[in-house]
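Novice: Please work out how this folds:
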Amino acid sequence: MSGGRPLDLYRLQQFLAVADHAGFTSAATELHLTQQAVSAAIGQLERQLGVSLFDRSGRKLRTTEAGAVLREGARVLLAAAASLAERTHEAGTAAPRPFVIGHTPAVTAEEVYLLLEPVRAQLPEVSVTAREVFPDALARALYDGEIDLALRRGVAMPPDLASAVIAYDPVRVAVAAGHRLADRERVWIDDLRAESIIVWAPPGSSFYTDFLLSTCRRAGFEPTFVVNRVQGTPPVTAVADNDHIAFVTAPAGPALGGRVTVVDLVDPPLAPTQALWLPHTVSPIRDLLTVRRPTRSPAL
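Specialist: Modelled structure (predicted):
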């Protein structure tokens, strides 16, 4: 056993490279080290922990059960250490970098701005940058230090990240200005059973799509989904040049220069906004952002 000695982060980095490449040669090339040096580092790590981390019996290395446990936590631990080093450096410089928030297309830039209200009020000197990131790239962006906080539609807690649901937004319906529903003040979910609904990912690959699917099924119908061909633009743009509808969280009323109308739903479902971040890290900016806010009520 390690006897309470902390893990050597450099050896941990080498272990992760070997696990990712399933071999010493490719890992050594990536790390610009000799294969012998990487192999020796893994041996030292195994002796410290008192377990075998790799099954070396086959043509390719495979992690043992113990190695899988270490691999699961290694990426987060290394990312947290890099974050600590960055924050320490920033504390001693006159120009710290901006706090970067990555948000999926389902969370609009306007919603990010509203969530930033406590930061603007209590830390007016802090610089914040918001970036749109696709859902499958959020975790990697956190690990690589490209973003400090991720915002997405979801509730499930990832196994190796910290998370909290920080807001709920009422869902509305966006339609082109000439659509049959555009002049309605409010619509029922059931009014949409004959409509084609634009989503940004197919069912099973997006929490938000699955959330919308369950909303329609609760209303008693199986929706017809069409995956948006244009990604990365505000959700209301999805219906600007077609006769489909889209579920959005934008305010009711005209949008996109009058080309789109957003209509309130009767008894609207509430879409959760979930924050994700690296565990074992601290941030006063993040603490302000992750305080649960009241649900933003629909206009009635």
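
Novice: Contact partners for V199?
Specialist: S206, Y208, T209, L212, F225, V226, V227, N228, A246 (C-beta atoms under 8 Å, 6 or more residues apart in numbering). Placement of C-beta: from N, CA and C, glycine included.

Novice: what's the pLDDT at the fourth one?
Specialist: Model confidence at L212, expressed as pLDDT, equals 94.

Novice: Give me the neighbour count for it.
Specialist: L212 has 22 neighbouring residues, counting by other C-beta atoms under 10 Å.

Novice: my guess is it is in a strand, correct?
Specialist: No. Using DSSP: H, G, I helix; E, B strand; the rest coil, the secondary structure at L212 is helix, not a strand.

Novice: Other residues contacting the helix or strand harbouring F15?
Specialist: In this assignment (DSSP states H and E), F15 forms part of helix 9-21. Helix 9-21 is touched from outside by 24, 27, 30-31, 33, 38, 41-42, 44-45, 53-54, 61, 63, 67, 70-71, 74-75, 77-78, 81, with contacts defined as C-beta under 8 Å, 6+ apart.

Novice: Let's see which of those residues end up in strands.
Specialist: Secondary structure from DSSP state E places F54, T63 of the contacts of helix 9-21 in strands.

Novice: re earlier: can you pick out the most distant pair from the contacts of V199?
Specialist: Y208 and V226 (14.8 Å; C-beta to C-beta).

Novice: right, and the helix or strand after the longest helix seen in the chain?
Specialist: If you go by DSSP state H, the chain has its longest helix at helix 65-91. Once the chain leaves helix 65-91, the next helix or strand it forms, by DSSP H and E, is strand 99-103.

Novice: can you pull out the strands in the stretch 201-300 of the chain?
Specialist: Here the stretch 201-300 of the chain has its strands, by DSSP state E, counting those that start in this stretch, at 224-227, 245-248, 253-255, 260-265, 270-277.

Novice: what mean pLDDT does the first one have?
Specialist: By that I understand strand 224-227. For strand 224-227, the per-residue pLDDT averages 95.

Novice: got the buried residues for it?
Specialist: When burial is assessed from 16 or more other C-beta atoms under 10 Å, strand 224-227 yields the following buried residues: F225.

Novice: just checking, A271 touches V155?
Specialist: No. A271 is beyond contact range of V155, at 10.2 Å (criterion: C-beta atoms under 8 Å).

Novice: of these two, who's got more company?
Specialist: Taking neighbours as other C-beta under 10 Å, A271 and V155 compare with A271 leading, 23 against 10.

Novice: show me the contacts for that one.
Specialist: A106, R153, Y168, D169, P170, V171, Y208, F211, T249.

Novice: Give me the pLDDT for the first one.
Specialist: Note on A106: pLDDT of 86.

Novice: other SSEs contacting the longest helix of the chain?
Specialist: Helix 65-91 sits against helix 9-21, helix 138-143, with contacts defined as 3 or more C-beta pairs under 8 Å, 6 or more residues apart in numbering; DSSP states H and E.

Novice: and of the contacts of V199, the nearest to L123?
Specialist: Y208 (30.0 Å).

Novice: which residues touch S83?
Specialist: Counted by C-beta under 8 Å, 6+ apart, S83 has contacts G145, D148, L278, T281.

Novice: Please verify my assumption that the second one contacts P96.
Specialist: Right, D148. No. At 11.6 Å, D148 does not count as touching P96 under the criterion of C-beta under 8 Å.

Novice: For these two, work out which one has more neighbours and name it.
Specialist: D148 (25 against 15).

Novice: List the residues that contact that one.
Specialist: Counting by C-beta under 8 Å, 6+ apart, the residues that D148 touches are S83, F99, V100, I101, L142, W277, S283, I285, R286.

Novice: now, among these, which is nearest to L265?
Specialist: In terms of C-beta to C-beta, no member of the contacts of D148 lies closer to L265 than I101, at 27.7 Å.

Novice: Which residues are in contact with the residue lying closest to L161 once chain neighbours are set aside?
Specialist: The spatial neighbour of L161 that comes closest, neighbours along the chain excluded (C-beta to C-beta, 6 or more residues apart in numbering), is L276 at 4.9 Å. By C-beta under 8 Å, 6+ apart, the contact set of L276 is L138, A139, L142, L149, A150, L151, R152, P158, L161, A162, S163.

Novice: For ChimeraX, write a command that selects the buried ones of these.
Specialist: Selection of buried members from those for ChimeraX, criterion 16+ other C-beta under 10 Å:
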select :138,139,142,149,150,151,152,161,162,163
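
Novice: residue ranges with poor pLDDT in the stretch 201-300 of the chain?
Specialist: Applying pLDDT under 70 to the stretch 201-300 of the chain flags residues 292-300.

Novice: And the helices in the stretch 201-300 of the chain?
Specialist: 207-218, 284-289 (DSSP state H, counting those that start in this stretch).
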